[in-house]
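Asks: how does the following fold in three dimensions:
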Amino acid sequence: MKRPFALIGFLVLVLGGGMIIGFISQPGEWYAALEKPPFNPPNWIFAPVWSSLYVLIAIAGYRTWVSYPASSAMRLWIVQLVLNFLWTPIFFTLHLPGAALVVLLLMLASIVGFIAACGPQDRASALLFLPYALWVAFAGALNAAIWWLN
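Replies: You can find the predicted model right below:
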């Protein structure tokens, strides 16, 4: 009985946290005025991509917590989520794309670390993080380009 409620808790934490931070730290005029690289996707794509990724992140976190709660994989899952939640206000609220890039690179390292730590015990959770790793790598290139251009 605890497990379905725990999954709901992970979904609320990750999706809810991401939505709240996104609402509080909206891009606004500052972001609109920045010069962006040609590979910058349209703004409407970010919400559905992040919502989908947040579901995958929550499921992987739940699976890891149920099977290996005190593992390095679980610690890395927590680290990546904290860094994920820090990136948006650093970039959009504080207007610090250089600092946000550092946070994003640390986040990518923790995501890759999670995949490596989780892979031998729970291949499904590691695979759930692959789209996330790819998107964050792309976001890193985008963040770096925006920092460089501005």
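
Asks: contact partners for residue 118?
Replies: 60, 64, 73, 125-126, 129 (C-beta atoms under 8 Å, 6 or more residues apart in numbering). Using the backbone N, CA and C atoms, a C-beta is placed for each residue, glycine as well.

Asks: can you check residue 89 too?
Replies: Contacts of residue 89 by C-beta under 8 Å, 6+ apart are 21, 24-25.

Asks: how far away is residue 66 from residue 4?
Replies: In this view, residue 66 and residue 4 are 11 Å apart by C-beta to C-beta, to the nearest Å.

Asks: distance check, the nearest residue to residue 34 once chain neighbours are set aside against residue 123.
Replies: Among residues not flanking residue 34 along the chain, residue 150 sits closest, at 5.2 Å (C-beta to C-beta, 6 or more residues apart in numbering). As for residue 150, its distance to residue 123 is 41 Å (criterion: C-beta to C-beta).

Asks: follow-up on the earlier one: from the contacts of residue 89, pick the one nearest residue 107.
Replies: Using C-beta to C-beta, residue 21 is the member of these that lies nearest residue 107, at 13.6 Å.

Asks: which of the helices or strands spans that closest one?
Replies: helix 17-24 (DSSP states H and E).

Asks: could you dump that helix to PDB, C-alpha only?
Replies: C-alpha atoms of helix 17-24 as PDB (Å, rounded to 0.1, in the frame of the first residue of the first chain):
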ATOM      1  CA  GLY A  17       8.500  21.300  -7.800                       C
ATOM      2  CA  GLY A  18       9.300  21.800 -11.400                       C
ATOM      3  CA  MET A  19       6.000  23.600 -12.100                       C
ATOM      4  CA  ILE A  20       6.300  25.900  -9.100                       C
ATOM      5  CA  ILE A  21       9.900  26.800  -9.900                       C
ATOM      6  CA  GLY A  22       8.900  27.400 -13.600                       C
ATOM      7  CA  PHE A  23       6.000  29.600 -12.500                       C
ATOM      8  CA  ILE A  24       8.100  31.600 -10.100                       C
END
